[in-house]
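[1] Structure for this input, please:
(one chain, ligands or ions: 1)
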Amino acid sequence: MGKSIVQSINHLNYLDNEGRVYCRAHNELKTLGTMDCFNCPLFRGSLQGAGVECTYLDRVTDDIDMLALTVPDPAAQLTWITKLIDKGLIPADQLSREGNL
Ligand code: SF4
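    Below is the predicted model:
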């Protein structure tokens, strides 16, 4: 297992059983369809009704060989990303790096 690094990576954000995804732009759980994903700088694609693909900074291991990380649990991702923000490892406002919604 390699060491942890912070890098920009595509995330496959799947819906939870309440129809919410983890939204990095708002750092909240959001119901798909309530955000303007197509105009979001983090948007990378749809998951054909199952969620949304968004690229943002995350903490991964440097031996990662995946093109995308799967996010099956939006609430767990919210907790994880909030922890990285609180530790100062990633910016609170990812969009300040990418432009505005
Ligand atoms: S594309 Fe942007 S607005 Fe839509 S879920 Fe991803 S981060 Fe949120």
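[2] What helices and strands are in contact with the lengthiest helix in the chain?
    The helix spanning the most residues in the chain, taking DSSP state H as the definition, is helix 74-86. Judged by 3 or more Cβ pairs under 8 Å, 6 or more residues apart in numbering; DSSP states H and E, helix 74-86 is in contact with strand 4-14, strand 20-23, strand 28-31, strand 51-61. The way it works is simple: take the backbone N, C-alpha and C, and place the C-beta from them, glycine included.
[3] so who does the residue positioned nearest the centre of the chain touch?
    Nearest to the mean C-alpha position of the chain, by Cα atoms, centre = their mean, lies residue 24 at 4.8 Å. Residue 24 sits next to 11, 42, 54, 56, 81, 94 when contact means Cβ atoms under 8 Å, 6 or more residues apart in numbering.
[4] again, only using 7 Å
    Counting by Cβ atoms under 7 Å, 6 or more residues apart in numbering, residue 24 touches 42, 54, 56, 81, 94.
[5] Quick check: residues of the chain near the ligand?
    Within reach of the ligand by Cβ under 6 Å from any ligand atom, the chain has these residues: 21, 23, 24, 25, 35, 37, 40, 42, 43, 52, 54.
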